[in-house]
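Novice: Provide a 3D model corresponding to the input given below.
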Amino acid sequence: MAGGRRGLVAPQNTFLENIVRRSNDTNFVLGNAQIVDWPIVYSNDGFCKLCGYHRAEVMQKSSTCSFMYGELTDKDTTEKVRLTFENYEMNSFEILMYKKNRTPVWFFVKIAPIRNEQEKVVLFLCTFSDITAFKQPIEDDSSKGWGKFARLTRALTSSRGVLQQLQPTVHKGENVHKHSRLAEV
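Specialist: Presented below is the predicted three-dimensional model:
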């Protein structure tokens, strides 16, 4: 018969393909929620590029990414990450982790349980965004200008907070402005 035929497609494979296709524009790993320590079963190219590891190096490691923890990684945050996995919860964190070359990087990590048709959690989707420029401004060619922007934003936000602490209390009915949370992102 001319042309190749694709055999029967296993439902779990199309399930994974759909997740990968929908998350293609992010840096992510998928962890198996059914096995102890939630091993990574898939990592996309964006995640590998972001952390400096090859796909084969991260496969079967814990999707908590504890292999990227280091001496300055906050222990309370790592405990919250672990509890999120244990309780099959959705959560997000800002956490200092380390690339393969041990360069520290601040990540905004989102963890989301993925359920099958029977509502059983079968996978975890963990997305990673590099927020280093906003947490600890570093001037290099790739982040030119972002470090200055982050420092300025942080300075303006903290100055506003100091001024508001020095002001007398606001009476009911007065116009109250909300704080910018840009520096916290």
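Novice: let me know the helix or strand that the residue lying closest to residue 72 once chain neighbours are set aside is in.
Specialist: Of all residues not flanking residue 72 in the chain, residue 96 sits nearest, at 5.5 Å (CB to CB, 6 or more residues apart in numbering). No exception for glycine: its C-beta is placed from N, CA and C like everyone else's. Remark: residue 96 resides in strand 91-98, with elements defined by DSSP states H and E.
Novice: what comes into contact with that strand?
Specialist: 51, 65, 68-70, 72-74, 77-78, 80-81, 84, 104-111, 131, 135 (CB atoms under 8 Å, 6 or more residues apart in numbering).
Novice: next helix or strand past the longest strand seen in the chain?
Specialist: For the chain, the strand with the greatest residue count under DSSP state E is strand 104-115. Counting by DSSP H and E, the next helix or strand C-terminal to strand 104-115 is strand 121-130.
Novice: just name whatever secondary elements the next helix or strand after that next one is in contact with.
Specialist: For strand 121-130, the succeeding helix or strand toward the C-terminus, using DSSP H and E, is helix 132-135. Helix 132-135 sits against strand 104-115, helix 146-166, with contacts defined as 3 or more CB pairs under 8 Å, 6 or more residues apart in numbering; DSSP states H and E.
Novice: strands paired with the strand holding residue 96, and their directions?
Specialist: Partners of strand 91-98 in the sheet, by DSSP bridges, are strand 104-115 (antiparallel).
Novice: and the strand it pairs with, what's buried?
Specialist: Buried residues in strand 104-115, defined by neighbour count with 16 or more other CB atoms under 10 Å: 104, 105, 106, 107, 108, 109, 110, 111, 112, 113.
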